[in-house]
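Undergrad: Just need the structure, nothing else, for what follows:
(2 chains)
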2 protein chains.
Amino acid sequence: LGELVFVGLGLHDEMDISLRGLDEVKMADYVFAELYTSLMSGLDIGKLASLTGKEVVLVSRRMLEEDNGEEITSAAQRGKAVLLVPGDPLIATTHVELRIRAERTGIKTRVIHGASIVSAAVALSGLQNYKFGKSVTIPFSEDGPASETPCIVIRENVESGLHTFCFLDIKAEEKRYMTIKEALEILLKIEEGKRDSAVIRDRIAVGVARAGSERPAVKADSLERLLSHEFGDPPHTLIFPGKLHFMEAEALIVLAGAPKSVRKLVD
Amino acid sequence: LGELVFVGLGLHDEMDISLRGLDEVKMADYVFAELYTSLMSGLDIGKLASLTGKEVVLVSRRMLEEDNGEEITSAAQRGKAVLLVPGDPLIATTHVELRIRAERTGIKTRVIHGASIVSAAVALSGLQNYKFGKSVTIPFSEDGPASETPCIVIRENVESGLHTFCFLDIKAEEKRYMTIKEALEILLKIEEGKRDSAVIRDRIAVGVARAGSERPAVKADSLERLLSHEFGDPPHTLIFPGKLHFMEAEALIVLAGAPKSVRKLVD
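TA: Have a look, this model is predicted:
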């Protein structure tokens, strides 16, 4: 009888849920919201509750990861449970694990999709989706020695002419959201002085801040100049372009204020 | 005074627009909808009109590509124009071109994001987003000699342990939407007999049909078996997994009915 419906909240605030998602919440017996895997900077959980007429239980990392989402699956055995998730659900592994666990105990699950930063940042940059290679997360550097993985992935993509999407680390419990400036400093610290590096100060990258909000910031420029560009509040993401199609270069110039020299990257 | 707002319609029907997107349409002076770049199989343009109280003008390929979207930009000079687009806007190049043209003539543009097949199919498969390499489109084979590009991209991704997202061709004017079976036949015809091919009959792939609808179909199996699997109505997409994380293999088994042998792909 019970079921568990994963509903995507989209990018910025309570207005980004779809009409279908809203209906699911209104018909639910239990409503949970997980807000620690991504930052939705405009979201007011009280507004979401009054919009839907439902009490919304905030899910902590501990409840979902250490307790295996027991409270959610147990609610989904008694009735219709909805788990609200930033972006498009199941992009974070922890939700996939919960879904597998629920299905294995006989709970039916469904997904109501939402806008994801993965497609939104691409859309805002004007770059073409199919030309992205493997993506990476840039972790905060205080957690042990800085990983070389992001720089390796960026270099391999650049060598294949592909763009790289970089997720920037977040520590929601500490309200820390990595900025584009911090991400660039971490990458440059790892790479500076290396001979074949793709992360060099005159390379062009694209910073995207607050995708989905009323005032997103999108700026393409050299790393050197992006370091001092004021992107404003988080969340931030970063894209390293590879080779450009003519239309991508024009998009970066017109939509992201890139210097006209990006035309040199046209293949 | 005028502006042009690109609003994503999401995946399946008129219920997939966000509350923010709906508000934008309600406040618009002119509402256009482009429905030929993707199939939204449940969409009823009349329902969308009655939901928003606005007349919705359907945009043809000719109007957008040959006439450069002149009717839309001219409306956006007189007032607030909204262009409704399937999925997340600007994933299709033709919308990026329109946005660039509008900005160049001094029209302000904004984007209201929607759920995209790019993240939705990944979410439904249980595969991890960051492990996807370059994606490809599989074109209908009657348009000249079959392109080897899709097979080359799949092979390169497989060699790097990465997954490949395949967009299947559509010809909306002819109401033709490539099925998973057709896509597999096209790929196998190109590749069969080649020695180093990644597209072989016992390789596992994941078919996803009708993402975002009430009854999406998600099935992981060998190409041989997918050829005779009944996925039902379009739209269809296809994913070729590379190396799998343990959790990805479990997700394919539980969420996509994969044979347990996919565990052999765990890295």
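
Undergrad: List the residues that contact the residue lying closest to A:E34 once chain neighbours are set aside.
TA: In space, A:E34 comes closest to A:V59 once its chain neighbours are excluded; the distance is 4.4 Å by Cβ to Cβ, 6 or more residues apart in numbering or on different chains. In this view, the C-beta of every residue, glycine as well, is placed from N, C-alpha and C. By Cβ atoms under 8 Å, 6 or more residues apart in numbering or on different chains, A:V59 lies in contact with A:F32, A:A33, A:E34, A:L35, A:G69, A:E71, A:I72, A:L83.

Undergrad: With distance to A:A211 and secondary structure added, can I get these in JSON lines?
TA: As requested, these are arranged in JSON lines below (distance: Cβ to Cβ, whole Å; DSSP: H, G, I helix; E, B strand; the rest coil):
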{"residue": "A:F32", "distance to A:A211": "25", "secondary structure": "strand"}
{"residue": "A:A33", "distance to A:A211": "20", "secondary structure": "strand"}
{"residue": "A:E34", "distance to A:A211": "19", "secondary structure": "strand"}
{"residue": "A:L35", "distance to A:A211": "17", "secondary structure": "coil"}
{"residue": "A:G69", "distance to A:A211": "28", "secondary structure": "coil"}
{"residue": "A:E71", "distance to A:A211": "31", "secondary structure": "helix"}
{"residue": "A:I72", "distance to A:A211": "28", "secondary structure": "helix"}
{"residue": "A:L83", "distance to A:A211": "22", "secondary structure": "strand"}
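
Undergrad: Which one (most neighbours) among those residues?
TA: With neighbours defined as other Cβ atoms under 10 Å in any protein chain shown, the most crowded of those is A:L83; it has 27 neighbours.

Undergrad: how near is the one residue sitting closest to the centre of chain A to A:E182?
TA: Most central residue of chain A, judged by C-alpha distance to the mean C-alpha position with Cα atoms, centre = their mean, is A:I117 at 4.4 Å. Relative to A:E182, A:I117 is positioned 18 Å away (Cβ to Cβ, to the nearest Å).

Undergrad: What is the lowest-mean-pLDDT helix or strand in chain A packed up against?
TA: Of all helical and strand segments in chain A, the minimum by mean pLDDT, DSSP states H and E falls on helix A:61, at a mean of 88. For helix A:61, the packing partners by 3 or more Cβ pairs under 8 Å, 6 or more residues apart in numbering or on different chains; DSSP states H and E come out as none at all, with no helix or strand in contact.

Undergrad: just how off-centre is it within its chain?
TA: Distance of helix A:61 from the chain centroid (Cα atoms, centre = their mean, to the nearest Å) equals 17 Å.

Undergrad: contacting residues around that helix?
TA: Defining contact as Cβ under 8 Å, 6+ apart, one finds that helix A:61 is touched by A:Y36, A:A172, A:E173.

Undergrad: Please repeat the previous calculation with a cut-off of 6 Å.
TA: Contacts of helix A:61 with the rest of the structure, by Cβ atoms under 6 Å, 6 or more residues apart in numbering or on different chains, involve A:Y36.

Undergrad: on that earlier part again, of the contacts of A:V59, which pair is most distant in space?
TA: Comparing all pairs in the contacts of A:V59 by Cβ to Cβ, the longest separation belongs to A:L35 and A:E71, at 15.7 Å.

Undergrad: how about the residues of chain A near chain B?
TA: Contact residues, chain A versus chain B (Cβ under 6 Å from any Cβ of the partner chain): A:10-11, A:15-16, A:18-20, A:88, A:90-91, A:96, A:100, A:103, A:113-116, A:118-120, A:123, A:126, A:129-130, A:133-135, A:162, A:212, A:250-251, A:254.

Undergrad: Go through these and flag which are in helices.
TA: Using DSSP state H, A:L19, A:R20, A:V96, A:I100, A:E103, A:V118, A:S119, A:A120, A:A123, A:E250, A:A251, A:V254 are the members of these that sit in helices.

Undergrad: The fourth one touches B:I253, doesn't it?
TA: Read it as A:I100. No - at 8.7 Å, A:I100 does not count as touching B:I253 under the criterion of Cβ atoms under 6 Å.

Undergrad: all helices for the stretch 101-250 of chain A, in order.
TA: Counting by DSSP state H, counting those that start in this stretch, residue ranges of the helices within the stretch 101-250 of chain A are A:117-125, A:149-159, A:180-191, A:223-226, A:246-256.

Undergrad: I'd like these laid out as CSV, including mean pLDDT.
TA: As requested, the helices of the stretch 101-250 of chain A are exported to CSV (pLDDT from 0 to 100):
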stretch, mean pLDDT
helix A:117-125, 94
helix A:149-159, 95
helix A:180-191, 94
helix A:223-226, 98
helix A:246-256, 97
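
Undergrad: For A:V5, give me the pLDDT.
TA: A:V5 is assigned a pLDDT of 98 by the prediction.

Undergrad: re earlier: from the helices of the stretch 101-250 of chain A, which stretch is densest packed?
TA: Per residue and on average, the most neighbours among the helices of the stretch 101-250 of chain A fall to helix A:117-125, with a mean of 28 (mean count of other Cβ atoms under 10 Å in any protein chain shown).

Undergrad: and stretch A:98-114, what's its mean pLDDT?
TA: Taken as a whole, stretch A:98-114 carries a mean pLDDT of 97.

Undergrad: no, scratch that, I was asking about stretch A:201-220
TA: Here stretch A:201-220 scores 97 as its mean pLDDT.

Undergrad: Stretch A:44-59: how far from the chain's middle?
TA: Averaging C-alpha positions (Cα atoms, centre = their mean) puts stretch A:44-59 22 Å from its chain's average.

Undergrad: Is it possible to mark the buried ones in the residues of chain A next to chain B?
TA: Applying 16 or more other Cβ atoms under 10 Å in any protein chain shown to the residues of chain A next to chain B, the neighbour count classes A:10-11, A:15-16, A:18-20, A:88, A:90-91, A:96, A:100, A:113-116, A:118-120, A:123, A:126, A:129-130, A:133-135, A:162, A:212, A:250-251, A:254 as buried.

Undergrad: Apart from its neighbours in sequence, what residue is nearest A:L255?
TA: Of all residues beyond its chain neighbours, the one nearest A:L255 is A:G126 (4.7 Å), with distances taken as Cβ to Cβ, 6+ apart.

Undergrad: my read: the one you found touches B:L98, true?
TA: No - at 11.5 Å, A:G126 does not count as touching B:L98 under the criterion of Cβ under 6 Å.

Undergrad: Next, A:G46: secondary structure please.
TA: Assigned with DSSP: H, G, I helix; E, B strand; the rest coil, A:G46 falls in the helix class.

Undergrad: what number of residues lie near A:K171?
TA: A:K171 has 12 neighbours, counted by other Cβ under 10 Å.

Undergrad: and what of the one 3 residues further on?
TA: Other residues within reach of A:E174 by the criterion other Cβ under 10 Å amount to 8.

Undergrad: For it, give its distance to chain B.
TA: With distances defined as Cβ to the nearest Cβ, to the nearest Å, the gap from A:E174 to chain B amounts to 23 Å.

Undergrad: what's the spacing between that residue and A:S38?
TA: Using Cβ to Cβ, we find A:E174 at a distance of 15 Å from A:S38.

Undergrad: what do you get for A:F132?
TA: Distance of A:F132 to A:S38, computed by Cβ to Cβ: 19 Å.

Undergrad: Next: A:H113.
TA: Using Cβ to Cβ, A:H113 is found at 15 Å from A:S38.

Undergrad: do the same with A:I152
TA: Following Cβ to Cβ, the distance that separates A:I152 from A:S38 is 25 Å.

Undergrad: any idea of the pLDDT on the nearest residue to A:R20 once chain neighbours are set aside?
TA: For A:R20, the nearest residue in space outside its immediate sequence neighbours is B:M15; the separation is 4.0 Å by Cβ to Cβ, 6+ apart. Looking at B:M15, its pLDDT reads 97.
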